[in-house]
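>>> coordinates only, no sequence provided:
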């Protein structure tokens, strides 16, 4: 099987390319720009294009399938050539479904918690020796790639992203996976450049739930009113399994999951992670894993990259890094840190990086999200605002939107980190939140 990737440098795209290469497929690809770590990883497997840019000559009748990434546009010369030759063209969600259509698919959806819940399920399956296919939006320990496909597995676990599929297909990705078991964690408006109203955003999750076949299962967080409304209105032909935030407690010795008859020490912490744990448990029970086996496995789960990830701890303090960028994610992450470190000086630093977070009309949704920390720093890059063709932002607009006396706003990351380094914090807990990279600032310098 010969497969060509148009826009091979994407986070999932390059992982799928590696997964198919390891499966024995002949894989080629192209992109106009490839960043790290995709560049090094593709090079390691001999899949890095010889030159950047698009070249229609790469597309020949011998190609069995074209996998099209979201980064590619409709006028892409390779895509045009593929159309002319009548080649099979699919997006990566379509391709993942094709590869797993005869397997039981577990799809994890929601505005927050998708990656962690998916990772928990994957961790339990691997711990128990269960073979499975998977796709997840972050690198996790023990897995070489973010995508895994095999001929042996009977189960597939997919993180269900609501963002659009490709230039040719404007459906949200998770509409294409057709879940046998669906998880819906929570709904909080995001991607306002694609879903202009909250109602339009919620509608995508209604459609997702509607894809569950008769006899399938919907595992849903009953503490979210929008999620509960969707679940109760869904077809009676599916099994509806509500869940709550798992019981827990913490003390000086650590963080523990608790039920009426067991106490389980955990490597993760925070109420939102306990919501994720409940969802993962219900999914595992739904495929026949005993409760005892689930708890035995989950106590060794250490989290995922950039999801409440401890970067460094020493006698001077501790630093966490998190992918949080939307208001609900920021609040949940801050709450988890504050509750885990009571009485400590907590310094939060948030980068506004996404289209929504840099939109003047969206900013007021961040009100109060950083109010519980000792000092809060918000960074935005004016160049990113300009590239996204958004209304110009000022420090005053952002400070007013966040509405807190502890808010400090910067538009220069070097200046921001210089200020932070010169403060005399007493054994602080630093929390850095971003879906970007603070304009290429090397956080290791701050660690030192």
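Happy to help now that I have it. All of these numbers come straight from a predicted model, not from anything done at the bench.

>>> buried residues in stretch 165-176, which are they?
The neighbour-count criterion (16 or more other CB atoms under 10 Å) identifies 165, 166, 167, 169, 171, 172, 173, 174, 175, 176 as the buried residues of stretch 165-176. Glycine gets a C-beta too; all of them are placed from N, C-alpha and C.

>>> in contact with the closest residue to the second one other than its chain neighbours, which residues are there?
It stands for residue 166. Here the nearest residue to residue 166 in space, its sequence neighbours aside, is residue 91; by CB to CB, 6 or more residues apart in numbering that works out to 4.2 Å. With CB atoms under 8 Å, 6 or more residues apart in numbering as the criterion, the residues that contact residue 91 are 67, 68, 69, 70, 165, 166, 168, 169, 173, 176.

>>> what's the answer for residue 223, then?
For residue 223, the contact set (CB under 8 Å, 6+ apart) comprises 244, 245, 275.

>>> surely residue 2 touches residue 25?
Yes - when contacts are counted by CB atoms under 8 Å, residue 2 is listed as touching residue 25 (7.1 Å).

>>> so the two - more neighbours on which side?
For residue 2 and residue 25, the more surrounded residue by other CB atoms under 10 Å is residue 25, and the numbers stand at 15 against 12.

>>> the more buried one and residue 4, how far apart?
Using CB to CB, to the nearest Å, we find residue 25 at a distance of 11 Å from residue 4.

>>> ChimeraX command for the buried members of the contacts of residue 223?
To isolate in ChimeraX the members of these that are buried, counting by 16+ other CB under 10 Å, one can use:
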select :275
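
>>> now flag whichever of the contacts of residue 223 is closest to residue 120.
Minimum separation from residue 120 among those (CB to CB) is found for residue 275, which lies at 11.1 Å.

>>> helix, strand or coil for the closest one?
Using DSSP: H, G, I helix; E, B strand; the rest coil, the secondary structure recorded for residue 275 is helix.

>>> ok, it - contacts?
For residue 275, the residues meeting the contact criterion (CB under 8 Å, 6+ apart) are 113, 185, 186, 221, 223, 245, 246.

>>> and if we set it to 10 Å?
110, 112-113, 116-117, 185-186, 221, 223-224, 243-246, 332 (CB atoms under 10 Å, 6 or more residues apart in numbering).

>>> out of these, which end up buried?
Listed as buried from these are 110, 112, 113, 116, 117, 185, 186, 221, 224, 243, 246, 332; burial here means 16+ other CB under 10 Å.

>>> list the ones among these that fall in helices.
Residues from the buried ones among the contacts of residue 275 lying in helices, with DSSP state H as the criterion: 116, 117, 332.

>>> give me the lowest-pLDDT entry from these.
Of all those, the one the model is least sure of by pLDDT is residue 332, with 89.

>>> what's the closest non-adjacent residue to that one?
Nearest residue to residue 332, sequence neighbours excluded (CB to CB, 6+ apart): residue 272, at 4.1 Å.
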